[in-house]
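Novice: Would you be able to build a 3D model of this:
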Amino acid sequence: MRIGELSRSTGVTVPTIKFYLREGLLPPGEATSPTQAQYDESHVRRLRLVRALVEVARLPLTSVRAVTSAVDDPPESLHDLLGIAHDALPPEVADDVDVSAAASVVEDLGWDVHPGSRALRQLAAAMSALDGLGLPASPDVVARYGRAVEPIAAREIEQVPTGSGEEAVTYVVSGTALYEPVIAALRRLAHQDLSARRFGPRP
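Specialist: Residues are numbered from 1 along each chain as shown. All right, here's what the predicted structure looks like:
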């Protein structure tokens, strides 16, 4: 397919495709003339991945490049590849944050987590912010949240496609970026319902 058809197939504009080509996020097509190239399904899959990383996860190009490089030269296991994808997701947290409280939560839950995980630092920073405001954020309190989300995470990991690294990374990044707002919104709706039950006007 030519670049116009690639654009129609993916919903990515031709100028954006050309930008991704210049940035090395999309491999070049097979040249058929000095100004024309042919693209195939591998380019469709890559564009879907890049689009998920840029438009859904809102990653900077440096992070997108790190993920696509890992897909092109994958680590030994899918687990490690998905770890690279997760570690690219925001928010950015300082490398030197104290993760001892967060590590205590993970240990209490019995989870197998890499000590250098960005998500561990994200949890540590969130717990520190809560503690600074005097809100309950002890490891046992936070572990209760962990137990609540574990079944959700288990279901999501069961559904990760294994056909290719690109499919798996696209699923994990898009699912994480899009379902986290769903979880947050449902929690707030539950707050509304429970608040109405506890504090609302009595009939």
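
Novice: mind listing what E166 touches?
Specialist: R45, R46, R48, L49, V71 (CB atoms under 8 Å, 6 or more residues apart in numbering). All C-beta atoms are positioned from the backbone trio N, CA, C, and that covers glycine.

Novice: which two in those are spaced the farthest apart?
Specialist: Using CB to CB, the contacts of E166 span at most 11.8 Å, a distance reached by R48 and V71.

Novice: And the helices in the chain?
Specialist: Taking DSSP state H as the test, the helices found in the chain are 3-10, 14-23, 41-51, 61-72, 78-87, 100-109, 118-132, 139-158, 165-199.

Novice: Arrange these in TSV, one row each, with mean pLDDT and distance to P34 as further columns.
Specialist: Converted to TSV, the helices of the chain look like this (pLDDT from 0 to 100; distance: least, CB to CB, whole Å):
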stretch	mean pLDDT	distance to P34
helix 3-10	92	14
helix 14-23	94	15
helix 41-51	91	20
helix 61-72	88	26
helix 78-87	90	37
helix 100-109	96	55
helix 118-132	95	44
helix 139-158	95	46
helix 165-199	90	29
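
Novice: Reformat these as CSV; add distance to G29.
Specialist: Shown next, in CSV, are the helices of the chain (distance: least, CB to CB, whole Å):
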stretch, distance to G29
helix 3-10, 7
helix 14-23, 8
helix 41-51, 7
helix 61-72, 16
helix 78-87, 25
helix 100-109, 45
helix 118-132, 34
helix 139-158, 34
helix 165-199, 17
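
Novice: and S9, how many neighbours?
Specialist: Residues lying near S9 (other CB atoms under 10 Å) number 15.

Novice: Could you list which residues are in contact with the residue lying closest to it once chain neighbours are set aside?
Specialist: Distances taken as CB to CB, 6 or more residues apart in numbering put V44 closest to S9, at 5.6 Å, once the chain neighbours are dropped. When contacts are counted by CB under 8 Å, 6+ apart, V44 touches L6, S9, T10.

Novice: Out of the contacts of E166, who's the most crowded?
Specialist: Busiest of the contacts of E166 [other CB under 10 Å] is L49, holding 27 neighbours.

Novice: Pull up the distance across stretch 21-38, start to finish.
Specialist: 13 Å (CA to CA, to the nearest Å).

Novice: Report the distance from that stretch to the chain centre.
Specialist: 28 Å (CA atoms, centre = their mean, to the nearest Å).

Novice: All set, thanks.
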